[in-house]
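> Dropping the sequence and predicted coords here.
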Amino acid sequence: MTHGPEDELPPQPPDPTREREHGVATKTRQKTARPPRYKVVLHNDDYTPMEFVVMLLEQVFRKGPSEATQIMLAIHRGGIGIAGVYVLEVAETKVVAVHRMAEEKGYPLRAGVEKE
Ligand code: TYC
């Protein structure tokens, strides 16, 4: 059987239910979860021994001896300094560790958390 134009579908009208893009090209971007970070700050005082602060910076904040000494001296001279930057829960846990270890020795060392 032969078939002519009558077998072919006629041109379809645009489907009004289909969304049509027009105008501005858009790109989808995966929004990567980037939780806010918090600084753990240490305050200077007149009583806490330098070696104790260096020990804390090494043991609690995982600094090497040279960086720990530099941070301690910066706090000693400037009054305040950043021991490290972490997500909130980690920052708060480190502040608790600092206060617990200082209190154990009777030192008045103060530490706190500040949003970066
Ligand atoms: N100022 C203290 C001293 O002279 C040392 C010190 C440094 C104390 C840093 C606290 O966060 C501090 N012994």
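That came in fine, so what should we check first?
> can we go C-alpha only for contacts and neighbour counts from here?
OK.
> so what pLDDT did the closest residue to residue 43 other than its chain neighbours get?
Nearest residue to residue 43 in three dimensions, chain neighbours excluded: residue 80, at 4.5 Å (Cα to Cα, 6 or more residues apart in numbering). On pLDDT, residue 80 comes in at 98.
> isn't residue 80 right next to residue 40, touching?
No - applying Cα atoms under 8 Å as the test, residue 80 and residue 40 come out as separate, 10.4 Å apart.
> The residue nearest to residue 43: neighbour count?
Neighbours of residue 80 under the rule other Cα atoms under 10 Å: 19.
> Over to residue 39?
Quick note: residue 39 (other Cα under 10 Å) scores 20 neighbours.
> Tell me what it is bridged to.
On the basis of DSSP bridges, residue 39 takes part in beta bridges with residue 85, residue 114.
> so who does the residue nearest to residue 43 touch?
Residues in contact with residue 80, defined by Cα atoms under 8 Å, 6 or more residues apart in numbering, are 41, 42, 43, 44, 74.
> can you check residue 58 too?
64, 65, 68.
> What of residue 68?
Here residue 68 is in contact with 54, 55, 57, 58 (Cα under 8 Å, 6+ apart).
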